[in-house]
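Sharing a model prediction with you, sequence too.
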Amino acid sequence: MRRSFSRNTGLVGLLLASALLFACDGSTGPAGPAGPPGTAGPPGTPGSSGPPGSSGAISWDSADQINVEVQSVAVPAGGGAPTVTLSLTDDVGFGLRGMPASALRFTLAQLSPGQTGSSSEWQSYITRSSGGIPDAQANAEGATSGTFADNGDGTYTYTFSQALTAYPAGPAFDATKTHRLGLEIRGGAPANNAPYDFVPAGGSPTFTRLIVNNATCNACHDNLAFHGEARFDIDYCVTCHNPYSIDGDTVAEPWGGTVDMKQMIHKIHNGAELANGYFIVGYGGNVIDFSGIEFPQDVRNCTTCHAESDPTVPQASNWRTVPNRDACGSCHDHIDWEAGDHIGGVGTDNDESCVTCHGENAQIANGALRVDVVHTIPEAVASLAFEYDVVSAVNTAPGESPTVQIRVLDPTNPNYAADPASTAYDINDPNGPFQTGGATIRVNVSWNTDNLGNVDPNDDLARPSDSGAPFQPFSIDFKSGATNVGGNVFEKAAAANQVIPTGATGSGVAYLEGHPQVDLGSGPVSIGVKGSGIAFAIDDPAPVARRQVVDIAKCNDCHNTLALHGNNRVGNPELCANCHNPNATDIQRRVPASACDTELGLDDVSIDLKRMVHRIHAGNVGVCGYRNTAHDYTHVVYPGKLNNCEGCHLAGTYYPVDPTEVMATTIDAAPGTNGLDGDRSSLLDDVAISPNSAVCSSCHTSDLARNHMTQNGGDFAAGKDETGAMISSGTETCQLCHGPGASVDVGVMHGVGLFQYN
């Protein structure tokens, strides 16, 4: 992506330079009296007309962004060759002249209503061969094919190469149907595709097909771009990716070579779950295999993409109102429609009968087979009935065992809006959701809120030196022994050996996590509930909350509901940071002869949230988890752009930190033979990376990048003292160059401000 440079910036700079230049001469004193009028000069010569473009337009290749607007499309009666008029402007509104015809391509498609229960469908006029099959695939027409004119003022006209009735595989022209023109520009700055709907006979289109919008796609993908980064708009994509367009190289596959948008996109996002897989043979014979793609949330979340509340996509409800073989079979590809193996052959000849069982008003089985009902996630519905609340945490001074009060509320209770406290659960109810065998409910206590490193310099907690995960919080289990102090507020004290360490300072946090269990028809199921917590003072005058750098709503753009560790930890990065802190690694799970050992080896890695999450999304780490299982993320392909820091971060929270205020990240918790010779309970033998380098090297993995970091004070072999303070011969100076407004500002260099949907 190109960096954006505003012409206003250049203009302001010029004016400022001029002001400084004239200011150097000092004051000129008061003006003198007016002089006598001079003699008249000779008459001027007649002027001549300026060159094309003298109306204020500038050269098209001077723009950093090209804004395209289609002004009109005129189709002669009977379907003659259309003439398009369009305008190009830069980011401050100047017209752009001089674009060559070779840079411009057009698509044109006609929309027809669905037949016999199928979806409405686009069909392209322009086609080409694919895999040796003539006219198999929709195509674009280059502006060198027809008649192209640059009007010199930022406007252009193009007349297609032939009448719409002359394209050999195009639809039968109907002047009353909705048509869509799209275009792409290559060889210059990024340009929008300007999809333009019109009716050749005149008037505004009344029949449309607007299913998904760009903002929905880019919530996860940041800046969706394909085919050489010239095609960005979903409404442009469908002019080619429609039911009449196939990949001729895969026509013999079970999916018949389809690249129809509704089939292709569903197959791509559900690739790993398909019975037959899915791949496309792209430009230059490049095979693109989507068969291993894992959607980062439950694939039943249809409304993640189909946003019915968005008025710009009036047909977004088609996913549940227009069931048909193409759309449904794209994910349910195990069904052989031609063999009639779906409910005794129903729906094999056409799609008309699909609504009988699956339509929005279907009454078969009391509506249980409606698309929206079938795609409902029972666990997600059940989770709406639980809300965690940490009421208080006391006895939190150094050396004390904290006492914590909690409650669990029911937001689905009719009384919740008026009196939330009245909806609290009795978590001690033997028949309730928190007393089944697999239910969990506990409070994690961590310190301090500067780093949540859970340090214990005086060894008050007597942590074992040769077992366990390093520097974890301690937990208060509320499943048993909790006292109802009234109103279903439950209180429990930490065990006598669970104390705030005598060397702790500042503030700490108490976070409630765990999962109730609910019987959804086939026995108890663990339900994910968003974690919640409060800060408490250790020696601060008042509690100081931990800094927030990530917005969970941004995580959920891709994950919908971020839930990990068996639904114990849900929807709260601050909860995650209690365990995933700068002093923690996965050494506990690096067990000889385990699956982790076999797949990833015995060398532990950091599970510090800021390093681990960056490395997971960059696809360059393997982490060992519960029961010594290996989680290999080296195959991960992040669906967004790694340089878009605000895809996850709150604005401005991705800049270098003060290395004296933020802990270094431990990468080896107990050096020695398989971690057995070191001391996991002590920081003195830890090997760590300085804090900024720990984050930046998660994505910037080259030797050159590492050398740059070390040359500027980064340390990949730092030590720690018992308080967690870094021991290093250098001091990171990242802020000097990469801080806000600095010469290589992180936000500018990553192009964060250029992502439209942040």
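Thanks, I have the structure now. Residues are numbered from 1 along each chain as shown.

D389: what's its closest spatial neighbour, skipping adjacent residues?
Distances taken as Cβ to Cβ, 6 or more residues apart in numbering place R407 nearest to D389, at 5.1 Å, with adjacent residues excluded. From N, CA and C alone the C-beta is placed, and that goes for glycine too.

Please report phi then psi for the one you found.
Backbone torsions of R407, given as degrees, to the nearest 10, read phi -150, psi 160.

Can you tell me the SS state at the residue nearest the centre of the chain?
Nearest to the geometric centre of the chain sits C220, at 2.8 Å (Cα atoms, centre = their mean). Taken by DSSP: H, G, I helix; E, B strand; the rest coil, the conformation at C220 corresponds to helix.

contacting residues around the residue nearest to D389?
389, 391, 421, 424-425, 487-490 (Cβ atoms under 8 Å, 6 or more residues apart in numbering).

And the helices in the stretch 551-700 of the chain?
552-559, 573-579, 595-600, 609-618, 691-699 (DSSP state H, counting those that start in this stretch).

can I get those helices in JSON lines with mean pLDDT, mean neighbour count and distance to L754?
As requested, the helices of the stretch 551-700 of the chain are exported to JSON lines (pLDDT from 0 to 100; neighbours: other Cβ atoms under 10 Å; distance: least, Cβ to Cβ, whole Å):
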{"stretch": "helix 552-559", "mean pLDDT": "96", "mean neighbour count": "18", "distance to L754": "17"}
{"stretch": "helix 573-579", "mean pLDDT": "97", "mean neighbour count": "23", "distance to L754": "25"}
{"stretch": "helix 595-600", "mean pLDDT": "96", "mean neighbour count": "17", "distance to L754": "37"}
{"stretch": "helix 609-618", "mean pLDDT": "98", "mean neighbour count": "21", "distance to L754": "19"}
{"stretch": "helix 691-699", "mean pLDDT": "98", "mean neighbour count": "24", "distance to L754": "18"}
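
and of these, who's closest to Q137?
Q137 sits nearest to helix 552-559 of all those, at 30.7 Å, using Cβ to Cβ.

rewinding a little: how much space between the residue nearest to the centre of the chain and V746?
22 Å (Cβ to Cβ, to the nearest Å).

swap in S118?
Using Cβ to Cβ, we find S118 at a distance of 50 Å from V746.

Equivalent analysis for E379, please.
Taking Cβ to Cβ as the measure, E379 falls 39 Å from V746.

same thing with L86?
Using Cβ to Cβ, we find L86 at a distance of 37 Å from V746.

Excluding covalently adjacent residues, which one is nearest to C596?
Closest to C596 by Cβ to Cβ, 6+ apart is C624, at 3.8 Å.

Tell me who's in contact with the nearest residue to Y167 once chain neighbours are set aside.
Nearest non-adjacent residue to Y167, counting by Cβ to Cβ, 6+ apart: Y125, 4.4 Å away. Neighbouring residues of Y125 by Cβ under 8 Å, 6+ apart: 108-110, 164, 167, 170-171.

And the pLDDT for A670?
pLDDT, A670: 87.

Pretty sure C696 sits against M709.
Yes. Counting by Cβ atoms under 8 Å, C696 touches M709, with 6.5 Å between them.

before we move on, the earlier item: neighbour count: E379 and V746, which is higher?
The neighbour count for E379 versus V746, taken as other Cβ atoms under 10 Å, is higher for V746 (21 against 18).

List the contacts of the more buried one.
Taking Cβ under 8 Å, 6+ apart, we find V746 in contact with 645, 654-656, 738-739.

can you rerun that using 7 Å?
Taking Cβ atoms under 7 Å, 6 or more residues apart in numbering as the contact definition, V746 lies against 654-655, 738.

Which member of those residues is positioned nearest D341?
Of all these, D341 sits closest to Y654, with 52.2 Å by Cβ to Cβ.

Identify the residue spatially nearest to the closest one, adjacent ones excluded.
Leaving out its chain neighbours, the residue that sits closest to Y654 by Cβ to Cβ, 6+ apart is C645, at 3.9 Å.

Quick check: that neighbour touching G753?
No. Here C645 does not reach G753: they are 10.5 Å apart, not a contact under Cβ atoms under 7 Å.

Overlap of the contact sets of the two?
Common neighbours of C645 and G753 (Cβ under 7 Å, 6+ apart) are G747.

With neighbour numbers in mind, choose between the two.
For C645 versus G753, neighbours defined as other Cβ under 10 Å are more numerous around C645 (21 against 13).

about what we covered before: and the residue nearest to Y654, what is it in contact with?
654, 747, 750, 752.

mind putting those residues in JSON lines, neighbour count and distance to R680 included?
Output for the contacts of C645, formatted as JSON lines (neighbours: other Cβ atoms under 10 Å; distance: Cβ to Cβ, whole Å):
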{"residue": "Y654", "neighbour count": "20", "distance to R680": "31"}
{"residue": "G747", "neighbour count": "19", "distance to R680": "38"}
{"residue": "H750", "neighbour count": "18", "distance to R680": "36"}
{"residue": "V752", "neighbour count": "21", "distance to R680": "38"}
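
and of the residues you listed, the nearest to V199?
Proximity of the contacts of C645 to V199 (Cβ to Cβ) peaks at V752, which lies at 40.9 Å.
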